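S.K.: Give me coordinates for this.
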Amino acid sequence: MEAEVDKLEPMFQKADSDLDYLQYRLEYEVKTNHPHSAGERNAVTVLKELSARRSRYQALCARFKAVSVEQKETKSCICATLNKTMTMIQELQKQTNLELTLLTEEEKAATEPLKSHMPD
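M.R.: Below you'll find the model as predicted:
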């Protein structure tokens, strides 16, 4: 999952760069090809809309980065907790000279009848 998140950041950066380029090209085209045309107002409106969309995009990027940071922190916390748990299990195994094993489905099924006869 983290690798997928890491792949998204360069895509967002490229999209941001593409938006910069598009805005630059539109401004250039309006200035050079249509300085006094009736459609100039529409082109300016398009540029303003592009700027507004870019602002929303940048807000999305900021939220994405915050989520990414939080995801990494959560993963680190989970890993630390799991490592502590494993260490505690190993210490308990050493102290009791027992080793915990996971039961297979067949073993679980075999112990079910025994549990029904045991007092609570």
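
S.K.: what about the helix ranked longest in the chain, average pLDDT?
M.R.: Longest helix in the chain by number of residues, with DSSP state H as the criterion: helix 40-96. Per-residue pLDDT over helix 40-96 has a mean of 84.

S.K.: what does stretch 21-29 give?
M.R.: When pLDDT is averaged along stretch 21-29, the result is 79.

S.K.: Number the residues from 58 up from this point.
M.R.: Sounds good: first residue 58 from here, last item stretch 78-86.

S.K.: Need the residues that contact it.
M.R.: The contact list for stretch 78-86, computed with C-beta atoms under 8 Å, 6 or more residues apart in numbering, reads 100, 103-104, 107-108, 111. The C-beta positions use only the backbone N, C-alpha and C, and glycine is treated the same way.

S.K.: same check, this time on stretch 115-127
M.R.: Contacting residues not belonging to stretch 115-127 are listed as 62, 65-66, 69, 73 [C-beta under 8 Å, 6+ apart].
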